[in-house]
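Novice: Just need the structure, nothing else, for what follows:
(2 chains)
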Amino acid sequence: MNEPVRRLSVVILVMFLVLMAGASYIQVISANDLNADGRNVRTLYREFGSFRGPFVVDGETVVKSVPVDDPFNYQRTYADGPLYAAATGYYSIVYGRSGLEQTENTLLNGSDDALFWNRLGDLFAGREQEGASVSITLDSTLQQVATEQLGDQRGAVVAIDPTTGAILAMVTSPTYDPAELAGHNTEQVNENYQKLLNDPTGPLVNRAIAGDTYPPGSVFKLVVSAAALESGYKPDTEVYAPQELDLPGTSATMTNYGGEKCTSGDTMTLADALRVSCNTAYANLGMSLGWGVIERKAKEFGWTDQIDIPLRAAASNLPVDPDEAQTAMASIGQYDDRATPLQMAMVSAAIANQGTLMNPYLVDTVRAPDLSVIQKTEPTEYGQPMTRSDASKLRDMMVGVVDNGTGTRAQIPGVEVAGKTGTAETGTDAPPHTWFVGFAPADKPTIAIAVLVENGGDLGAAGKDPTGGVVAAPIAKAVMQAKLAEDGDL
Amino acid sequence: MATVAEIRVHRGRRSEVALLAIAVLIAVLARALVDYHADVLELRDLGIYALTAVGLATTAHLVLRRYAPSADTVLLPAVFALNGIGIAMIRRIDFAYAERGRDTTFGNVQIGWAILGIALMIGVILLVRDHRVLRRYTYTAGLVGLIGLMLPLFPVIGTEINGARIWIHLFGRSLQPAEFAKIALVIFFAGYLVTNRDTLALAGPKFLGMRFPRPRDMGPLVLVWLASMLVQVYERDLGTSLLFFGVFLAMLYVATERLSWVIVGLGMFVAGAAFAGTVFAHVHSRYEAWLHALDPAVYASGASEQLVRGLFGMASGGLLGTGLGEGRPDLVPYAESDFIISSLGEELGLTGVMAILTLYVIIVQRAMRTAIGVRDGFGKLLAVGLGFSLALQVFIVVGGVTRVIPLTGLTTPFLAYGGSSMLANWIVVGLILRISDQARRPSQEVS
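Specialist: Residues are numbered from 1 along each chain as shown, chains lettered A, B, ... in the order given. Predicted structure coming up:
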C-alpha cells in the first residue's frame, strides 16, 4: 500500500501548491486591482486614517488634519473654508475628493513617489506616514476682496500674476464650506451634500474654471483686435463703423449697444472702436479678417484647449465653420463663442506680459513633513499669442477703454489701468452676463484679472440695464487696487 | 534479531524540545504583539500565558517521551505553532471588535479549547496504547460516525446557524458533531477497507484497460456517496460532504491501489455536485458567487460579499502584511472562524499565509510518512485517512477563501475559532502520534 500513499502525498503537495498559488494571485498579482476597488472600504479607512498634509496660503495653514478619537483618526478642518473652496475642494469620507484635495492627493496622503525617502525614513523610525504640505499661489487679501465684491451675485473672479502665471485669486460665487462635507457623520454629510447639490444657484460649481462656459461678449474683441494688429492693422487705422450693419445672407442687421451710433461719421479708428466697444465695427472687422484668422488667434490664447491648473478647467469654445453673419456675431463674442473666466484672465495676462502667455497654476511649493521642498512650480510659457509691439499697442488701446471709454469705473487714481468691458447676451430673456478683463499697472503689470457677473448680478436682478462697465469693472478695480496697495504701488 | 540490539535508536525527542520551544516562542511573541498594539500589554498576563504554553508543551512532551517514545517529533511543535498563531489572531480580532463596540472573548475561550484539546490528545495517547485496538470497533465507529453526521437533522438538539444545519445543542453549548464523526468514519473506513480490500481490488470487469469494481462491491461506495449527498442537501453543508467523500476516495485508492475507484468516485461526485448546482438554489448561488465574485450584481445580492471582503483583506496585506494589530480584519464577516485565513493574510501577508500552509504541509506529510512506516494495513489506512482529512479540510476552506474552489463552510484546523474543530483535530493529532510511535519504533521492540 506504500506506493499509493506516496502518490497521494504528491497529490497533497499539489493541492497545497494550488492554495499557495491562489493566495499569491490575490495578495500580489491582483492586489492592486482589489485595493483600488471602489467597494473596498479598507483603502478608504487607511487613506482617511493617516495624517494628511495641510494646505498653506500666504504662509498660513488654511486646511489641516487634526487628530480625533474615532475610527478615522483624523478630521480634516477648513479654516475659512468657503474662501478657498474653489481651489481646495472637499475631502469627504462619503463623496471622495475634489479640487486640489483630489489632484494633489498622493502628495497630501504621502503615497507619492516624490515622498519615497520620507516614507522610508518613517518606516525605520517607526513614525506614522505623513503627507506633504501644499502651498497655494492664492493671495488671501485678493481672495477676500474678490469674495466681498461679488457678494451674493453669481459669478467668478480670476486674477493672475501675468509674468509667472501664478493664480492670485480664484473666486466663484456662491460657494460652499468644505467642512460641511468633511465630517465623519455620514448621514449629516449626506444631507449637507444633497442640499448643496439641489441648490439652484449651484454652489458646488466652480464658475471660474469649470462651470458652464459663458459667452464672452465684447471682451472677445481683444482677441479680434490682436488678430487685426497681427494682420497689419494699427490702432489708428480707420475701420467701418455704421450705425447698422447688414449681416450678409440674412435679413437681420446688427446694431450697437442701445442702438447708438459709434461715431459721427461712418468710420473710426480701431482704438476708438475698442474704447467705445463698437459692435458694428468689430463685426465688420471680423468679416474682413475672416474667421480663420480670429480662430487661430483665439486658439493661441488657449481656446479649445483643456488646461489643468492642476484643476481641470473646461475648454473654451469657438464656433465651427461659421458663415459670414455668424462670423460677424462671433467677432463680438456672441454666437457660439464661449469662455471661462480663467480663459479671459489668460487673454488679459498675455497682453499684460508683452504678448507672452504663461501657464496658469495654483500650486506653488510642496514641502515634505520635514519642510524640505520636494516640488516647486517653475513658471512656464503657454505660448506667444502676440508680438511684443502688438501687445503694447493693444495695451494702449485698453488703457483708453479705462481712461475715457466703457471701463472708466475701473480707474485707480495714480495708476494707469488697462481693461475691456463685456456685456454678453445670453440668448434668453435673462439679463446679459457682465464682464471686465484688465490689468494694472498698465506699464508694468503685476495683476491681470477677469471678472464675470452672471446676468448682471444685483443690477440685472433689479431690472436695470447692467453692463460690464457698471457691474464688473468696479469689482476688478477693487481687487487690482488691493494688489497694488499690497505691492506698495499706490 | 540479536545482531541489531546494539544499535542506538535516535528518536529525536530532544529536537522536539527545541522545536516546541520555537513554537511556544511564536505563540507568546504573537500575543505580545497583539496586546502591544491594543495597548493592553501587561507583563504579568503575558507571563501567565507563556507559563501556560510552556507547561502544556512540557506536559505533552513528557507524556510522549514516556508513553509514545518513538512518536513523530515534528507533529506536535507544528500544531502548537498553528494553535499559538490562531489564538493570537483571534485575540487580535476580539480587540478589533471591541473598537467597534462589540464585546467578544473569542480569544480567551479559544485558549480554553486548546487546553482541552491538548488534554484530549494526551488522553488518546494514554488510552489507546496500540492503534490496532481501534480496528475492533470498526462497525461501531461507522454507526457512531453516521449518527454523528445525522445528529443536526434531529429535532430539538439540531440547530440551523447561518443557513447550515450542522450544529447540535448540548449542555448549553453548540457543537459541530461532523468534526467528531470525521474521526469515527475514518476509523470505520480503515477497518472496512483493510478487510475487504482484496475483493474490492481484484474482482470486477475490465474496461478500457482498467479494472472496474463489481456492482456488489460498490455498495459501500454508493452508501458513502449517498450519505455525503444527503449531508449536502439536508444540512446544506457542502464542505463536510466534500470532505467525507474525498477522504473515503483517498483511502479506497490507497487500500485497493486502483485508480479506477477514484475515477468512478470523482465522476459520481462531480455528477452529484453538478446536479445539486442545477437543482438546489443555495448550491447554485455558491457556484455563482465563486465564478463571478466581483461582479457588481452578484456582490450586491450579498452572495459573494463575504468572500470579496476577504479578498480585499488579503489584498491589503500584500506580500508582508500590515502587521499584527495594524489591519482591519473585523471588516470581514466571521473573521475569527471561517475567514481566519484572510485575517491572517491581511496582517501577516502572503509570507505568513505561506508559512502557515507550509506548517500544514509538514503535518500532513508526517502523517503520510507515518502511513508508509507503519507495518499493519489498518494503521496505514488510518494514518492516510486522518492525514488526508486534515489536508482536504485545509484545501476546502482555504481554497474557498482564496477562490480556488467554491466557498463552503468548514473550519481551518487549529486556527479557526471553535471548540468542536479544535477538540476533534487534537484527537486526530493524538491518533497520528500514536500510529507514528508504532511506525518509528525499532523493530526489535515490536513484540
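Novice: same question for the longest helix along chain A, mean pLDDT?
Specialist: Ranked by number of residues, the top helix in chain A under DSSP state H is helix A:2-24. Across helix A:2-24, pLDDT averages out at 94.
Novice: Return the set of buried residues in it.
Specialist: By neighbour count, and taking 16 or more other Cβ atoms under 10 Å in any protein chain shown as the criterion, the buried residues in helix A:2-24 are A:4-5, A:8-9, A:12, A:15-16, A:18-20, A:22-24. From N, CA and C alone the C-beta is placed, and that goes for glycine too.
Novice: out of these, which touch chain B?
Specialist: A:4-5, A:8-9, A:12, A:15-16, A:18-20, A:22-24 (Cβ under 8 Å from any Cβ of the partner chain).
Novice: Retrieve the pLDDT associated with residue 289.
Specialist: In the absence of a named chain, this looks at chain A. The model reports residue A:289 with a pLDDT of 92.
Novice: ah, I was thinking of chain B
Specialist: At residue B:289 the predicted local distance difference test score is 85.
Novice: Was I right to think it contacts residue B:407?
Specialist: Yes - shown here, residue B:289 and residue B:407 form a contact pair, counting by Cβ atoms under 8 Å, at 6.7 Å.
Novice: Between those two, which is the more surrounded one?
Specialist: More crowded of residue B:289 and residue B:407, by other Cβ atoms under 10 Å in any protein chain shown: residue B:407, with 26 against 23.
Novice: That one - that's part of a helix, no?
Specialist: No - the assignment for residue B:407 is coil, going by DSSP: H, G, I helix; E, B strand; the rest coil, so no helix is present there.
Novice: who's in contact with it?
Specialist: Shown in contact with residue B:407 (Cβ atoms under 8 Å, 6 or more residues apart in numbering or on different chains): B:286, B:289-290, B:306-307, B:400-401.
Novice: can I get those in CSV with distance to residue A:199 and secondary structure?
Specialist: CSV is the format used below for those (distance: Cβ to Cβ, whole Å; DSSP: H, G, I helix; E, B strand; the rest coil):
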residue, distance to residue A:199, secondary structure
B:286, 47, helix
B:289, 42, helix
B:290, 46, helix
B:306, 40, helix
B:307, 41, helix
B:400, 49, helix
B:401, 47, helix
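Novice: Compare those residues and tell me which is most surrounded.
Specialist: For those, counting by other Cβ under 10 Å, the largest number of neighbours falls to residue B:401: 29 neighbours.
Novice: any low-confidence regions in the chain?
Specialist: Looking at chain A here, since you left the chain open. Counting by pLDDT under 70, chain A contains low-confidence ranges at A:123-129.
Novice: The chain in question should be chain B.
Specialist: B:1-10, B:155-174, B:203-204, B:208-213, B:218, B:220-221, B:228, B:232, B:443-447.
Novice: for it, which helix is longest?
Specialist: helix B:340-373.
Novice: spatially speaking, which residue is in the middle of chain A?
Specialist: Taking Cα atoms, centre = their mean, the centroid of chain A lies closest to residue A:209, which sits 3.3 Å from it.
Novice: Identify the residues contacting it.
Specialist: A:158, A:170, A:309, A:311-314, A:340-342.
Novice: Residue A:99 now?
Specialist: By Cβ under 8 Å, 6+ apart, the contact set of residue A:99 is A:85-90, A:206, A:311.
Novice: hmm, 6 Å instead?
Specialist: With contacts taken as Cβ atoms under 6 Å, 6 or more residues apart in numbering or on different chains, residue A:99 has the following neighbours: A:88-89.
Novice: how close does it sit to chain B?
Specialist: From residue A:99 over to chain B the distance is 27 Å, taken as Cβ to the nearest Cβ, to the nearest Å.
Novice: what's the angle from the longest helix of chain B to helix A:2-24?
Specialist: Using axes from the mean of the first three to the mean of the last three Cα atoms, to 10 degrees, the interaxial angle of helix B:340-373 with respect to helix A:2-24 works out to 170 degrees.
Novice: Show me which of the buried residues of helix A:2-24 is closest to residue A:434.
Specialist: Within the buried residues of helix A:2-24, proximity to residue A:434 (Cβ to Cβ) peaks at residue A:24, which comes in at 63.7 Å.
Novice: For the closest one, which non-adjacent residue is spatially closest?
Specialist: When the adjacent residues along the chain are set aside, residue A:24 lies closest to residue B:350, with 6.1 Å between them (Cβ to Cβ, 6 or more residues apart in numbering or on different chains).
Novice: Please apply the same query to residue A:336.
Specialist: Distances taken as Cβ to Cβ, 6+ apart place residue A:319 nearest to residue A:336, at 3.6 Å, with adjacent residues excluded.
Novice: That neighbour contacts residue A:333, correct?
Specialist: No - Residue A:319 is beyond contact range of residue A:333, at 11.2 Å (criterion: Cβ atoms under 6 Å).
Novice: Of those two, which one has the most company?
Specialist: For residue A:319 and residue A:333, the more surrounded residue by other Cβ under 10 Å is residue A:333, and the numbers stand at 28 against 18.
Novice: Give me the secondary structure label for that one.
Specialist: Assigned by three-state DSSP, the conformation of residue A:333 is coil.
Novice: Please report how far it lies from residue A:431.
Specialist: 16 Å (Cβ to Cβ, to the nearest Å).
Novice: Could I get the CA-only coordinates of stretch A:212-224 as PDB?
Specialist: Coordinates of the C-alpha atoms in stretch A:212-224 are reproduced here as PDB (Å, rounded to 0.1, in the frame of the first residue of the first chain):
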ATOM      1  CA  ASP A 212     -20.900  76.400 -17.800                       C
ATOM      2  CA  THR A 213     -18.700  78.400 -20.100                       C
ATOM      3  CA  TYR A 214     -20.000  81.900 -20.800                       C
ATOM      4  CA  PRO A 215     -20.500  83.900 -24.000                       C
ATOM      5  CA  PRO A 216     -17.600  86.400 -23.700                       C
ATOM      6  CA  GLY A 217     -19.400  89.300 -25.500                       C
ATOM      7  CA  SER A 218     -17.300  92.400 -26.000                       C
ATOM      8  CA  VAL A 219     -14.200  91.100 -24.100                       C
ATOM      9  CA  PHE A 220     -13.700  88.800 -27.100                       C
ATOM     10  CA  LYS A 221     -12.900  92.000 -29.100                       C
ATOM     11  CA  LEU A 222      -9.500  91.800 -27.500                       C
ATOM     12  CA  VAL A 223      -8.900  88.600 -29.400                       C
ATOM     13  CA  VAL A 224     -10.200  90.200 -32.700                       C
END
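Novice: number of nearby residues for residue B:394?
Specialist: The local packing count at residue B:394 equals 27, with neighbours defined by other Cβ under 10 Å.
Novice: Name the nearest residue to it, sequence neighbours excluded.
Specialist: residue B:360 (5.0 Å).
Novice: Please apply the same query to residue B:181.
Specialist: In space, not counting the residues next to it along the chain, residue B:181 is nearest to residue B:148; the distance is 3.3 Å by Cβ to Cβ, 6+ apart.
Novice: what's in contact with the helix or strand that neighbour falls within?
Specialist: Residue B:148 belongs to helix B:138-150 when assigned by DSSP states H and E. Taking contacts as Cβ under 6 Å, 6+ apart, the residues outside helix B:138-150 that touch it are B:177-178, B:180-181, B:184-185, B:187-188, B:191.
Novice: What about the residues you listed, which are in helices?
Specialist: If you go by DSSP H, the contacts of helix B:138-150 have B:177-178, B:180-181, B:184-185, B:187-188, B:191 in helices.
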